[in-house]
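Chemist: the sequence isn't on hand, but the structure is:
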């Protein structure tokens, strides 16, 4: 079974600081990877996804993530955060091997951006 | 607009009582899911359904039951057997093997 580890549970940054949230997964085969975001009082929504191809994927609101297969990592980055990025961020993984495969979520990272 | 509707937004349960959380989607998605979200534990899968009249247990199915009589609907019942039901419950749907779309959630508390 796959698992996901998010290293930072609570991150506090000032506006304009750069952001990198760590995500590592464990699974022996090929995977699909996701980052979801949950803004305060809102539902979870997809930020970006990786299925195949270019390991550097760009999502909404200036976020990007890089899949490094050798490190089993899919870290989320943003060059300059804004106060509106305050939210909880979840990394998720699912095996890419046909048929239904369960999506496994990390425990989440709460990001607080200080104006 | 297409989306997922969960109701109610807040729900209170008395000891020994079963309660049912509603989830409806108009996205024409085949797959639907129920997650429980607890602080510091992320999202844990309770049940999922790939097609109508079929569903499978997730990681924490004990004390919960579901039905899938219609494609659009996937209600979750929290039974009295669930000893720690206080949590935030999220319903999701997806096209097979594609990213999931989530509802706004239902917060369940014990009276």
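Modeler: Cool, the structure landed. Quick caveat: nothing in here was measured; it's all calculated off a predicted structure.
Chemist: which residues sit in contact with residue 12?
Modeler: Picked chain A for this. A:111, A:112, A:113, A:114 (C-beta atoms under 8 Å, 6 or more residues apart in numbering or on different chains). Just so you know, the C-beta spots here come from the backbone N, C-alpha and C atoms, and that holds for glycine as well.
Chemist: that's the wrong chain, I wanted chain B
Modeler: Residue B:12 neighbours (C-beta under 8 Å, 6+ apart): B:108, B:109, B:110, B:111.
Chemist: neighbours around residue A:87, how many?
Modeler: As a burial measure, residue A:87 scores 21 neighbours (other C-beta atoms under 10 Å in any protein chain shown).
Chemist: so what's it bridging to?
Modeler: Bridge pairing for residue A:87 (DSSP bridges) gives the partners residue A:111.
Chemist: quick one on the thing from earlier: so can I have CSV of the contacts of residue A:12 showing pLDDT?
Modeler: What follows is the contacts of residue A:12, written out as CSV (pLDDT from 0 to 100):
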residue, pLDDT
A:111, 97
A:112, 97
A:113, 97
A:114, 96
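Chemist: now restrict these to buried residues only.
Modeler: In the contacts of residue A:12, burial by neighbour count holds for A:111, A:113, counting by 16 or more other C-beta atoms under 10 Å in any protein chain shown.
Chemist: got the residues of chain B near chain A?
Modeler: Listed as neighbours of chain A in chain B under the rule C-beta under 8 Å from any C-beta of the partner chain: B:4, B:31, B:33, B:35, B:40-45, B:48, B:50, B:58, B:90, B:92, B:96-97, B:99-105.
Chemist: between the contacts of residue B:12, which sits nearest residue A:63?
Modeler: residue B:108 (31.4 Å; C-beta to C-beta).
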